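Asks: here is a sequence together with a model predicted from it:
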Amino acid sequence: MRIACYGVRPLERSYFEKLNKYDYDLKLIPEYLNRENVKEAEDCDAVLVRGNCLCDRENLKKFRSYGISWVFTRSVGVDHYDLKAAEELGISVARVPNYSPYAVANLAFTLGVTLSRHVGEAAHQVHQQDFGMHPDYFATEFNRMKVGIYGAGKIGVAEAKMWKGLGAEVYAYDPFPSDFAKQYCEFVSEHELLATCDIVSVHVPYFKGKNDQLINAEYIAQMKDGAVLVNTARGELADEKAVAAAVRRGKLGGYGADVVSSEKQIMGHNFDCQADVPDQDVQALMSLYPRVMLTPHMGSFTKPALEDMITLSYNNFHNMQTEGTVDQRNSVVAPKVEVTTAASAKALA
């Protein structure tokens with residue numbers, strides 16, 4: 001089976017090759033899937049994408065015309081797909097719901113630590129030759145802090161464990177609290193968590209049309225004055241204009257994010273200057289550095305996470321070839337009508 005793999009960074013190529021236990025014929029494409037490079041999959045049997053790839057109706061229709069009906073993603077989220085179009089076109093979509101939770105949790109923790117201890121501000125001033133002791137550097141010690149985990153799934157709990165290890169009081173809000181999470185955090189109401197915590201770290205999935213701009217002016221108004229807000233979940237969860245305004249007036253002590261709402265236009269691109277970034281709200285956040293720290297969606301960019309993503313993606317393809325389905329937890333779209341493709345023909349051979 002020949003698989004077109006989009007968004008494979010140069011560093012990742014060796015991992016794709018050494019983990020290829022099913023001996024797939026891989027076509028490794030460094031760019032995200034877009035309008036121009038969709039044709040790269042014309043000689044392939046299946047496709048593997050990542051977040052920020054353009055899996056809209058037009059591109060899915062192109063894949064279908066090539067005889068491809070398996071378009072899988074190596075990400076947890078699937079908001080880069082037109083899932084309705086996939087189902088109508090008879091395209092199966094599978095994802096990787098579980099990879100190392102410590103990857104994103106480590107970054108969220110690092111952003112919280114850096115911002116609450118004002119490391120970015122101090123380092124920035126020193127690099128401007130200013131070694132003065134500014135009042136803005138005054139901080140609370142971690143073991144005296146209250147940390148709020150907004151969404152206590154696997155990633156949220158992994159971060160909670162880190163804060164717990166430092167002696168912080170760790171609280172969580174989640175509509176479905178688990179017994180496992182209760183070992184590391186105390187569950188409280190949404191209002192109590194926002195009103196009392198020095199750091200609020202968001203780890204909830206994004207559901208288009210349901211929780212867009214969850215982190216808005218009303219959400220921020222409930223937070224403790226001077227608290228640090230961290231978002232390593234999805235950019236669409238934040239009203240970035242409201243966040244920038246809150247940092248500017250001091251309501252928020254800092255904002256750390258690995259995601260922005262206009263990711264497809266920004267992530268993976270290199271701009272000549274800040275004014276060239278195609279989103280004014282993101283520009284406004286950038287101008288507030290170092291009280292605002294943005295990273296380029298690097299949360300999952302660790303060796304264990306990458307190995308998990310690739311291995312589980314290969315397993316999805318293998319299960320589809322040998323059993324005609326994938327693990328129920330990994331399946332996103334499973335068309336009711338069986339469609340014969342080059343890949344399925346190979347599976348039956």
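Replies: Cool, the structure landed.
Asks: just confirm residue 62 is within a helix.
Replies: Yes - with DSSP: H, G, I helix; E, B strand; the rest coil as the criterion, residue 62 is part of a helix.
Asks: tally of neighbours for the nearest residue to it once chain neighbours are set aside?
Replies: Spatial nearest neighbour of residue 62, excluding adjacent residues (CB to CB, 6 or more residues apart in numbering): residue 38 at 4.9 Å. For glycine as for every other residue, the C-beta is placed from the backbone atoms N, C-alpha and C. Using other CB atoms under 10 Å, residue 38 has 22 neighbouring residues.
Asks: now residue 85
Replies: By other CB under 10 Å, the residues close to residue 85 number 18.
Asks: which pLDDT does the model give it?
Replies: The model reports residue 85 with a pLDDT of 97.
Asks: surely the residue nearest to residue 62 is in contact with residue 60?
Replies: No - using CB atoms under 8 Å, residue 38 makes no contact with residue 60, being 9.3 Å away.
Asks: ok, now which ones touch residue 194?
Replies: Each residue near residue 194 by CB atoms under 8 Å, 6 or more residues apart in numbering is listed here: 148, 200, 219, 222-224.
Asks: how much space separates it from residue 289?
Replies: From residue 194 across to residue 289, the span is 25 Å (CB to CB, to the nearest Å).
Asks: got it, and residue 303?
Replies: 28 Å.
Asks: where along the stretch 101-250 of the chain do the helices fall?
Replies: Here the stretch 101-250 of the chain has its helices, by DSSP state H, counting those that start in this stretch, at 102-116, 119-126, 154-165, 190-196, 217-221, 240-248.
Asks: and residue 113, how close does it get to residue 204?
Replies: When residue 113 is compared with residue 204 (using CB to CB), they lie 21 Å apart.
Asks: and those two? which has more neighbours close in?
Replies: A direct count of neighbours by other CB under 10 Å for residue 113 and residue 204 places residue 204 higher, at 21 against 18.
Asks: how about the more buried one, phi and psi?
Replies: When read as degrees, to the nearest 10, the backbone of residue 204 gives phi -120, psi 150.
Asks: can you pull the contacts of the residue nearest to it when sequence neighbours are not counted?
Replies: Of all residues beyond its chain neighbours, the one nearest residue 204 is residue 151 (3.7 Å), with distances taken as CB to CB, 6+ apart. Residues near residue 151 by CB under 8 Å, 6+ apart: 172-174, 202-205, 233.
Asks: and those residues, which are buried?
Replies: For the contacts of residue 151, a neighbour count by 16 or more other CB atoms under 10 Å gives the buried set as 172-174, 202-204, 233.
Asks: so, low pLDDT: which residues of the stretch 201-349 of the chain?
Replies: For the stretch 201-349 of the chain, the stretches with pLDDT under 70 are 336-349.
Asks: for residue 284, see how far away the closest residue to residue 330 other than its chain neighbours is.
Replies: Using CB to CB, 6+ apart and skipping residues adjacent in sequence, the residue nearest residue 330 is residue 94, 4.9 Å away. Taking CB to CB as the measure, residue 94 falls 38 Å from residue 284.
Asks: returning to that earlier point: need the buried ones among the contacts of residue 151 in CSV with distance to residue 13, can you?
Replies: Shown next, in CSV, are the buried ones among the contacts of residue 151 (distance: CB to CB, whole Å):
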residue, distance to residue 13
172, 39
173, 41
174, 38
202, 33
203, 30
204, 33
233, 28
